[in-house]
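**Q** Fold the following.
(one chain, ligands or ions: 3)
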Amino acid sequence: MAEPKKLFIKTYGCQMNVYDSSRMAEAMGEDGYVLTENQAEADMVLLNTCHIREKAAEKLYSDLGRLKPFKAEKPDLKIAVAGCVAQAEGEEIVNRMPLVDLVVGPQSYHHLPAMARGEGPRVLTEFPAEDKFDHLPQNRATRRAPTAFLTVQEGCDKFCAFCVVPYTRGAEVSRPVDRILKEARDLVARGVREITLLGQNVNGWHGLGDSGREWHFGRLIRAIAEIDGLDRIRYTTSHPNDMTDDLIEAHGAEPKLMPYLHLPVQSGSDRILKAMNRRHTAVDYLRLIERIRAARPDILLTSDFIAGFPGETDQDHADTLKLIEDVGYGTAFSFKYSPRPGTPAAGRECVPDAVADARLQEMQALLNRQQKATQDGMIGQRVNVLFEKSGREAGQMIGKSDYLHSVFVAASDIQAGDLREVEITHSATNSLGGRLI
Ligand code: SAH
Ligand code: SF4
Ligand code: F3S
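**A** Ligands and ions are numbered 1, 2, ... in the order given. Just a heads-up that it's a prediction; the model follows:
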């Protein structure tokens, strides 16, 4: 029998790209490709890219540069670019980097196997009318981990002034209830105990449930929670304007829904929120947080922030720091504004670089203090940990707590997939240590 062909995948960007990469691996698997961790032995290299900030997009070109000698040595090596840079730049990628054989956008990747066989176009960035999920093989949870992602919604209609996602992922589409439930059941049957539901605007998901009634996201979560053998449900990313009463209620009522919520706000200044087209005020957001905490008092909150959005003044920045103080986050991501071609804010006058850098640093210092305080506050508490893999030291296992903290435990009798109660004993920079109860 011929040696199987080897596929190396590098994934940049968000969790949805991680999910897409595993679905592409499964699709290529039907054509006899097996995954390799070693790029040097690959017959095909697939780069699944992110376009969210300039730095993220530039990584593609430096990685392609590094692939040149490999391609020179092995002319049969196929190089494919997928994801959001593929969607945004399409043909330009092959013009700039002729060593690229294939370019495929996030809504067309079910055509990748045919394209790799030479039966399709070289560049495919259409938003097809058909649903790619109908043409992909079953999600087989290739990572064989106790946790898995499941995309339920894709695309975005919000058009925040800074963001490329509505252009790279297209309009909001919700997957149908029956497909989602089937995929979730299949994952659980393969040993998955925790599912993270994914969408660019995941809480905007809606669909027709049984008896033709319209379901919103909270209802979907409750239906997934009914699957025996599934212990935990998470979801990301949400928009504040789509946090419905139903979903907030689910946080109080559904024990499988983990006490963790990533709810990006971007800024604490009403002027900037308006300029960003976020369509809510800082007070709207704070009131929403109050309602969520009333439903689930121990919920750990995280967010995204942008420093140096065009027009941002010192006062706007101070308002953002104030909002961060008022909320008290478990952790959060903060980014320096990066103008993205084709977005409404791209032409606006930028805040001087040094000013944006200083604001970013100030924001990160505050968020780091909050993260440390949250982690230190866990010491002495008992949490449930779903163990995922062994740690660097012998006999050490790592898992995630309900609050998504990484927790290390020294215990030789634990397997990946075990869910155990742990008492937290210490806090490190980005993880917690504990002992089994
Ligand atoms: N769909 C998600 C994620 C969007 S991208 C959401 O709506 O929250 C993740 C984060 O990247 C955003 O929340 C934002 O903080 C940041 N981001 C997006 N575009 C950016 C840009 N042009 N410059 C800097 N940060 C950006
Ligand atoms: Fe981008 Fe805004 Fe949509 Fe999030 S809600 S994906 S930040 S446009
Ligand atoms: Fe990046 Fe596209 Fe995700 S731009 S953040 S890979 S949706």
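**Q** Helices of the chain, residue ranges please.
**A** With DSSP state H as the definition, the chain shows helices at residue ranges 15-29, 54-73, 83-89, 91-96, 112-116, 165-168, 177-189, 217-225, 245-253, 270-275, 282-295, 314-327, 353-378.
**Q** near ligand 1, which residues of this protein show up?
**A** Contacts of the chain with ligand 1, taken as CB under 6 Å from any ligand atom, map to 52-53, 162-163, 165, 200, 237, 239, 264, 266, 304, 306, 335, 337-338, 340. In this view, the C-beta of every residue, glycine as well, is placed from N, C-alpha and C.
**Q** now the residue of the stretch 51-200 of the chain found nearest ligand 3: how far from residue 90?
**A** Nearest to ligand 3 in the stretch 51-200 of the chain, going by CB to the nearest ligand atom, is residue 84, at a distance of 3.3 Å. Distance, residue 84 to residue 90, by CB to CB, to the nearest Å: 11 Å.
**Q** same check, this time on residue 50
**A** For residue 50, the distance to residue 90 - CB to CB - is 16 Å.
**Q** Please determine how far residue 117 is located from residue 32.
**A** For residue 117 relative to residue 32 (CB to CB), the value is 11 Å.
**Q** of those two, who's got more company?
**A** Each of residue 117 and residue 32 has its neighbours counted (other CB atoms under 10 Å); residue 32 has more, 12 against 9.
**Q** the more surrounded of residue 50 and residue 90?
**A** residue 50 (21 against 18).
**Q** now the closest residue to that one other than its chain neighbours: how far from residue 185?
**A** Leaving out its chain neighbours, the residue that sits closest to residue 50 by CB to CB, 6 or more residues apart in numbering is residue 13, at 2.7 Å. Separation of residue 13 from residue 185 (CB to CB) stands at 28 Å.
**Q** for residue 336, same thing?
**A** In terms of CB to CB, residue 336 sits 42 Å off from residue 185.
**Q** cool, residue 401 as well?
**A** Distance from residue 401 to residue 185, by CB to CB: 26 Å.
**Q** So what sits opposite the residue of the chain found nearest ligand 1 in the bridge?
**A** Closest contact between the chain and ligand 1, by CB to the nearest ligand atom, is at residue 304 (3.3 Å). Beta-bridge pairing of residue 304 under DSSP bridges involves residue 333.
**Q** burial measure for the residue in the stretch 201-350 of the chain positioned nearest to ligand 2, as a count.
**A** For the stretch 201-350 of the chain, the residue closest to ligand 2 is residue 239, as judged by CB to the nearest ligand atom, at 5.0 Å. Per other CB under 10 Å, the neighbour tally for residue 239 reads 21.
**Q** next one: the one 5 residues further on
**A** Neighbourhood size, residue 244 [other CB under 10 Å]: 16.
**Q** I'd like to know how many residues surround the closest residue in space to it that isn't next to it in sequence.
**A** With sequence-adjacent residues excluded and distances taken as CB to CB, 6+ apart, residue 244 is closest to residue 216, at 5.6 Å. Neighbour count of residue 216, defined by other CB under 10 Å: 19.
**Q** can you check residue 134 too?
**A** For residue 134, the neighbour count with other CB under 10 Å is 10.
**Q** Quick check: the gap between it and residue 110.
**A** Taking CB to CB, one finds residue 134 at 8 Å from residue 110.
**Q** Likewise for residue 77?
**A** From residue 77 to residue 110 the distance is 23 Å (CB to CB).
**Q** again with residue 103
**A** 15 Å.
**Q** Neighbour count: these two, which is higher?
**A** A side-by-side neighbour count of residue 103 and residue 110, using other CB under 10 Å, places residue 103 first with 28 against 20.
**Q** Next up, the contacts around whichever residue of the stretch 251-400 of the chain sits closest to ligand 3.
**A** Closest approach between the stretch 251-400 of the chain and ligand 3, counting by CB to the nearest ligand atom: residue 340, at 9.1 Å. Neighbour list for residue 340: 51-54, 162-164, 346 [criterion: CB atoms under 8 Å, 6 or more residues apart in numbering].
**Q** do the same with residue 102
**A** Contacts of residue 102 (CB under 8 Å, 6+ apart): 78-81, 112, 115-116, 122-123.
**Q** are any of those residues buried, and which?
**A** By neighbour count, with 16 or more other CB atoms under 10 Å, the contacts of residue 102 hold 78-81, 112, 115-116, 123 as buried.
**Q** give me the residue from the stretch 1-150 of the chain nearest ligand 2.
**A** Closest point on the stretch 1-150 of the chain to ligand 2, by CB to the nearest ligand atom, is residue 52, at 8.3 Å.
**Q** hang on, isn't that residue packed against residue 165?
**A** Yes. At 7.3 Å, residue 52 and residue 165 qualify as touching, with contact defined as CB atoms under 8 Å.
**Q** So for the two, which sits in the more crowded spot?
**A** More neighbours surround residue 165 than the other of residue 52 and residue 165, with 23 against 20 (other CB under 10 Å).
**Q** Near the nearest residue to that one once chain neighbours are set aside, how many other residues are there?
**A** What sits nearest to residue 165 in space, not counting adjacent residues and going by CB to CB, 6+ apart, is residue 156, at 4.9 Å. Neighbourhood size, residue 156 [other CB under 10 Å]: 23.
**Q** Let me see the contact set for residue 156.
**A** Contacts of residue 156 by CB under 8 Å, 6+ apart are 163, 165-166, 169, 171-172, 200-201.
**Q** So what's the residue count around residue 67?
**A** 18.
**Q** That one reaches residue 99, doesn't it?
**A** Yes. Shown here, residue 67 and residue 99 form a contact pair, counting by CB under 8 Å, at 6.6 Å.
**Q** got any residues that touch both of the two?
**A** Common neighbours of residue 67 and residue 99 (CB under 8 Å, 6+ apart) are residue 79.
**Q** sorry, back to before: wait, isn't the residue nearest to residue 244 in contact with residue 243?
**A** No. Counting by CB under 8 Å, residue 216 stays clear of residue 243, with 10.8 Å between them.
**Q** For the residue lying closest to residue 374 once chain neighbours are set aside, give me its contacts.
**A** Among residues not flanking residue 374 along the chain, residue 330 sits closest, at 4.6 Å (CB to CB, 6+ apart). With contacts defined as CB under 8 Å, 6+ apart, residue 330 is in contact with 260, 300-302, 370-371, 374, 403.
**Q** Including pLDDT, distance to ligand 2 and neighbour count, could those go into a markdown table?
**A** Supplementary listing: the contacts of residue 330 in a markdown table, determined by pLDDT from 0 to 100; distance: CB to the nearest ligand atom, whole Å; neighbours: other CB atoms under 10 Å:
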| residue | pLDDT | distance to ligand 2 | neighbour count |
| --- | --- | --- | --- |
| 260 | 98 | 19 | 23 |
| 300 | 98 | 21 | 20 |
| 301 | 98 | 17 | 21 |
| 302 | 98 | 15 | 21 |
| 370 | 98 | 22 | 18 |
| 371 | 98 | 22 | 20 |
| 374 | 98 | 24 | 19 |
| 403 | 98 | 23 | 21 |
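**Q** All set, thanks.
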